[in-house]
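Enquirer: Provided below are the primary sequence and the corresponding predicted coordinates.
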Amino acid sequence: MERVFKRQLAELENIFQFIGEYLADRNDSKIVFSTNFVVEEIFTNMVKYNHTTHEDVTIGIEEKGGSLCISLIDRGVDRFDPRGSGDVDTTLEASERAVGGLGIYLVKKMAEKIDYEYADRTSKITVMLAMEKKNV
């Protein structure tokens, strides 16, 4: 399932609705929370930091081999591979830490796997989250 969203933080409500529709038949609040968090963090970063474009962002969600595969595609942007962002020292007090990076750090901790593709000024970030099996 895939949808296109405007490059606006106000779209988060519509994005959460899209995620909710996809996961509606699951009784798994953990995967809903994790999916919302991952998408919110990556989408927000795309909107806030990719100033070279006004293109919409495409979000896709699908199940693959027991995992939830979430992809965000951003066009007309510079390269940013979230896998290369450094870890955050969570042992420090918040006031002692550098600003930024905590959201991507948490996404990396939550994910089974993160893939990144970049070609022709198009960035695609794919996050795999573990899913609990459906109760049938």
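Expert: Alright, I've got the coordinates.

Enquirer: Centroid-nearest residue for this protein?
Expert: Nearest residue to the geometric centre of the chain (CA atoms, centre = their mean): Val39, 3.2 Å.

Enquirer: helix or strand right after whichever strand or helix holds that residue?
Expert: Using DSSP states H and E, Val39 sits in helix 29-49. Of the helices and strands lying after helix 29-49 in sequence (DSSP H and E), the nearest is strand 57-64.

Enquirer: Describe which strands that following strand pairs with in its sheet and in which direction.
Expert: Using DSSP bridges, strand 57-64 pairs in its sheet with strand 2-5 (antiparallel), strand 67-75 (antiparallel).

Enquirer: same question for stretch 81-89, mean pLDDT?
Expert: In this model, stretch 81-89 has a mean pLDDT of 69.

Enquirer: helix or strand right after the lowest-mean-pLDDT helix or strand in the chain?
Expert: For the chain, counting by mean pLDDT, DSSP states H and E, helix 102-110 ranks last in confidence among helices and strands (a mean of 80). Downstream of helix 102-110, the next assigned helix or strand under DSSP H and E is strand 113-119.

Enquirer: re earlier: show residues contacting the helix holding Val39.
Expert: Residues from elsewhere that reach helix 29-49 (CB atoms under 8 Å, 6 or more residues apart in numbering): 5, 7-9, 11-12, 15-16, 19-20, 23, 26, 57, 59, 61, 68, 70, 72, 74, 77, 80, 82, 103-104, 106-107, 110-111, 123, 125, 127, 129, 131-132. Glycine gets a C-beta too; all of them are placed from N, C-alpha and C.
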